[in-house]
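Participant: dropping a prediction and its sequence here:
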Amino acid sequence: MTYRLNTRDLTRVVLLTLVLSSTIFPADAIRTPRLDKVSPTPRVGPIVDNNYKWHESGSMWNRVTNFGVLGDDAYTERSPSCDYPGGSGNSYLYRGSLWLSGFVNGTFTCTKADDDEFSPLDSVHILKGDDALSDCDIWTSYYDVKAPLAPGHTPLGVQVTEKSYSWSASYAADFIMYEYTIKNVGIDTDDDGYPDADQTIDDFYFTMRLDGDVSKLTTWGAEDKFSNQDDITMANGWDWGDWINYVPEFAGYEDLFDQMPVDSSIVFMFDADNPEYDADNGQPNDFGNPDVNGKLQTPGFLGFRILKTVPEMPKHSFHQCNIYNDPGTDAETWDRMIGVPEYENILLINDAIFPYDYRGILTYGPYPQLATGDSIVITTALCVGADPDSGSVYSLADMFKDFVVADFMLENDFSISSELFSPGPPEVDVSVYTENNVAKGVRIAWDTLAVQHENFETYVVSKGAKTASGLVEWEALATYTDTSGGTPKSTADAAGATWPPPLNSDGQFEYIDTDVVNGLVYHYSVQTKTKYVDFPIDFGVIQSNLTAATSYKVISPANPEATENLDRVKVVPNPYIGSAQWNNPAPSSSFPWEHRILFTNLPGDAKVKIFTIDGDYVAETEANQSVVVGENFDLSSASVAEWDLMTRNNQEAAPGIYVYVVKSKSLGNQTGKFVIIR
């Protein structure tokens with residue numbers, strides 16, 4: 001990591017490192033993203049290629065790997081890494097890392113996912129449907145018997161089977177549960193990758209290293225001042241009152257803190273105030289990263305909790321480290337992070353919180369002896385608790401509530417189906433609404449099954465669009481609340497009524513949005529909400545996930561295909577202006593597309609060639625081709641050809657007048673002009 005230090009910064013860093021360690025490691029040698037996307041693990045014995053998949057059921061999306069890492073620490077083309085809300089690209093996690101350690105023949109040994117000391121034994125598998133315990137089960141396995149990417153590592157000889165679970169119902173949508181079965185399988189003595197000799201592990205420890213970047217919008221760089229330079233980490237080893245004294249934003253909420261237990265099984269991180277920078281709206285306190293309008297861009301708290309260990313392991317310690325003093329050897333790990341059985345308090349410099357890029361290290365243990373063949377099962381939860389409007393203590397309280405629900409799910413062996421308490425998200429379809437073969441809006445249709453659930457009460461139809469920050473901003477188009485408990489009526493009977501929604505000819509509910517402009521990108525979702533549910537625990541009103549795969553759809557409306565002639569071919573927008581709504585407001589490495597010109601009212605077989613006014617050939621596109629890349633949806637349309645303003649020489653098209661030629665085998669040719677203004 002790079003961080004430019006002024007004199008004041010340098011003084012604080014020196015003070016900080018004196019507090020934490022006498023050794024300073026080069027930043028760029030410590031925070032280096034894994035290169036697994038281009039450098040797979042070498043195959044040895046049972047070792048397989050690196051692999052990963054994603055939890056996308058709930059409101060928090062996260063990557064699962066087969067090498068002991070939670071999330072995605074890539075700087076470019078990043079996949080979900082505790083993204084909240086799911087699908088936004090707003091990442092709360094840089095990297096979560098599993099550490100397993102103990103004493104072998106009297107010598108302390110630590111296996112760290114950060115250092116490539118786990119190797120994959122299986123791909124990452126997904127299970128959904130009736131056979132799954134949650135809405136999405138993901139499992140994989142890895143071991144440290146042989147670590148080709150860490151040749152100097154001394155293995156413990158353990159194999160980890162990792163299972164994780166996520167839910168879409170609102171009461172369980174903000175966390176993912178992880179179950180680690182850790183088995184002593186022995187060590188490899190003949191270098192073939194297979195364990196062949198017993199090895200006992202004395203004083204076994206389980207550690208999670210949480211390196212949150214709270215948070216990273218797609219428009220912020222990985223090392224942006226708002227991404228990771230003001231993240232504070234804490235664990236509940238100390239009384240709340242001690243923290244309230246040092247975090248001004250916590251003051252005055254003592255009653256709310258009284259409802260949150262002091263629980264040393266939890267480590268969490270949040271975006272604190274960095275006194276070196278103002279917020280985007282100019283206010284000096286950037287706690288939660290307010291945008292130019294004062295809306296919090298980072299309202300959430302990233303949390304990790306150890307829920308249960310079988311057999312039981314004691315709580316041991318919590319320590320903080322930073323980008324400059326990550327432990328580099330097993331000896332340093334023992335001396336500063338695991339061998340010191342205490343819960344560190346907030347790190348202070350001159351009686352003030354020091355804002356920095358921290359990692360929180362939570363450890364359980366020791367378990368006296370793990371012999372070959374013995375296993376330990378450890379169940380945890382990873383969470384983003386967020387109150388999007390108030391943030392601060394309210395988000396912290398939301399995180400604690402999430403952990404209560406996670407504990408409840410565990411106590412019931414994951415057998416509590418969300419369908420018992422709520423109907424879940426409906427099946428939604430969006431399509432262009434046309435009149436006289438002209439697009440007039442978007443039709444949102446959804447199934448009627450939710451009304452049969454005993455707790456159902458409301459449908460909410462919402463519409464969203466990307467803002468300059470890259471996040472989707474939502475508004476409710478319609479709310480339909482069943483106050484009668486009756487059955488759906490016909491469209492005619494429902495005219496002017498708040499319940500039920502209109503029915504279409506296919507027996508689906510529908511809403512027609514006519515406030516649209518052809519070619520713009522619109523996001524739609526239909527959510528279900530329940531009555532207040534207080535059994536078996538206080539779930540409150542349960543709302544389906546806004547971005548659930550079945551109910552969240554994206555569309556760019558366009559007219560139907562031309563079938564008679566090319567008289568209606570049109571360029572949108574014309575003239576093209578760099579700030580046009582058709583563009584991507586937040587291009588990034590993950591969503592790199594930026595400019596978008598549409599040739600509309602085409603037949604499906606149309607090809608479009610683009611020339612300068614002087615006749616120089618510039619580029620070519622065709623119907624059913626979209627320039628949108630990196631998104632989880634397809635915006636192509638048979639009547640539209642899109643151009644990203646890149647020439648055939650991969651250069652941005654210059655401002656000026658351009659000529660287009662449409663060629664269609666079915667309808668002939670058409671020529672026209674358009675203008676680019678930068």
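Facilitator: Received, thanks.
Participant: longest strand of the protein?
Facilitator: Of all segments of type strand in the chain, defined using DSSP state E, the longest is strand 201-216.
Participant: in that strand, what counts as buried?
Facilitator: Residues 201-202, 204-216 are the ones in strand 201-216 that count as buried (16 or more other CB atoms under 10 Å). The way it works is simple: take the backbone N, C-alpha and C, and place the C-beta from them, glycine included.
Participant: which one of those sits closest to residue 280?
Facilitator: When the buried residues of strand 201-216 are compared for distance to residue 280 (CB to CB), residue 215 wins out at 13.7 Å.
Participant: OK, contacts around that closest one?
Facilitator: 84, 90, 91, 92, 227, 271, 289, 297, 298, 300 (CB atoms under 8 Å, 6 or more residues apart in numbering).
Participant: what about residue 249, which SS state?
Facilitator: Of the three states, residue 249 takes helix under DSSP: H, G, I helix; E, B strand; the rest coil.
Participant: how many neighbours does it have?
Facilitator: Residues within reach of residue 249, counting by other CB atoms under 10 Å, total 16.
Participant: my guess is it contacts residue 395. True?
Facilitator: No. Applying CB atoms under 8 Å as the test, residue 249 and residue 395 come out as separate, 10.6 Å apart.
Participant: where exactly do the helices run in the chain?
Facilitator: All helices of the chain, identified by DSSP state H, fall at 7-20, 27-30, 240-244, 254-258, 330-333, 392-411, 491-494.
Participant: for the fifth one, the distance to its chain's centre please.
Facilitator: The offset between the C-alpha centroid of helix 330-333 and the centroid of the whole chain comes to 32 Å, using CA atoms, centre = their mean, to the nearest Å.
Participant: which residues does that helix contact?
Facilitator: Applying CB under 8 Å, 6+ apart, the contact partners of helix 330-333 are 21, 23, 99, 101, 108, 109, 110, 112, 154, 327.
Participant: at 7 Å what do you get?
Facilitator: 108, 109, 110, 327 (CB atoms under 7 Å, 6 or more residues apart in numbering).
Participant: give me the buried subset of the contacts of residue 215.
Facilitator: Judged by 16+ other CB under 10 Å, buried ones among the contacts of residue 215: 84, 90, 91, 92, 227, 271, 289, 297, 298, 300.
Participant: check the fourth one and give its pLDDT.
Facilitator: The predicted local distance difference test score for residue 92 is 95.
Participant: next one: residue 350
Facilitator: 71.
Participant: list just the nearest of the contacts of residue 215 to residue 360.
Facilitator: residue 92 (13.2 Å).
Participant: thought that closest one was touching residue 386?
Facilitator: No. Using CB atoms under 7 Å, residue 92 is not in contact with residue 386; the gap is 9.1 Å.
Participant: overlap in contacts of those two?
Facilitator: 84, 300.
Participant: mind checking how far the nearest residue to residue 536 once chain neighbours are set aside is from residue 172?
Facilitator: Setting aside the residues directly before and after it, residue 536 is nearest to residue 408 in space (CB to CB, 6 or more residues apart in numbering), at 7.4 Å. Plainly put, residue 408 is 9 Å away from residue 172 if you go by CB to CB, to the nearest Å.
Participant: compare the two (neighbour count), which wins?
Facilitator: Neighbour comparison, residue 408 and residue 172: the larger count goes to residue 172, with 29 against 15 (by other CB under 10 Å).
Participant: look up the closest residue to that one, ignoring the ones flanking it.
Facilitator: residue 405 is the one closest to residue 172 (CB to CB, 6+ apart), at 5.6 Å.
Participant: all strands for the stretch 551-678 of the chain, in order.
Facilitator: Secondary structure of the stretch 551-678 of the chain, counting by DSSP state E, counting those that start in this stretch: strands at 552-555, 570-572, 576-577, 597-600, 607-612, 617-622, 641-643, 656-664, 668-677.
Participant: pop the domain breakdown of the protein in here.
Facilitator: Domain assignment for the chain by automatic domain parsing gives 7-411, 421-555, 570-677.
Participant: how about low-confidence regions in the chain?
Facilitator: 1-39, 484-497, 589-590 (pLDDT under 70).
Participant: quick check: bridge partners of residue 555?
Facilitator: Residues in a beta bridge with residue 555, per DSSP bridges, are residue 522.
Participant: ok, which of the strands of the stretch 551-678 of the chain comes nearest residue 60?
Facilitator: strand 552-555 (14.8 Å).
Participant: list the contacts of the closest one.
Facilitator: 428, 430, 442, 521, 522, 523, 524, 525, 546, 633.
Participant: residue 338: which of those residues is nearest?
Facilitator: residue 546 (40.6 Å).
Participant: how much space separates the closest one from residue 425?
Facilitator: 9 Å.
Participant: hang on, the earlier thing: just put the domains of the chain in TSV and tack on distance to residue 561.
Facilitator: Written out in TSV, the entries for the domains of the chain read as follows (distance: least, CB to CB, whole Å):
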stretch	distance to residue 561
domain 7-411	30
domain 421-555	10
domain 570-677	5
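Participant: need the winner for burial among those.
Facilitator: domain 7-411 (a mean of 20; mean count of other CB atoms under 10 Å).
Participant: next one: that one to chain centre, how far?
Facilitator: 14 Å.
Participant: cool, and stretch 647-658?
Facilitator: With CA atoms, centre = their mean, you get 36 Å for stretch 647-658.
Participant: so what touches it?
Facilitator: Contacts of stretch 647-658 (CB under 7 Å, 6+ apart): 610-613, 617-619, 645-646, 673-678.
Participant: how does it look with 8 Å?
Facilitator: Residues contacting stretch 647-658 (CB under 8 Å, 6+ apart): 595, 610-613, 617-620, 645-646, 673-678.
Participant: same question for stretch 399-411.
Facilitator: Residues contacting stretch 399-411 (CB under 8 Å, 6+ apart): 165, 167, 171-172, 174-175, 177, 259-261, 266, 268, 300-301, 303, 305, 307-308, 379, 381, 383-385, 416, 536-537, 539.
Participant: just checking, residue 622 touches residue 642?
Facilitator: No. Checked against CB under 8 Å, the pair residue 622 and residue 642 is beyond contact range at 9.6 Å.
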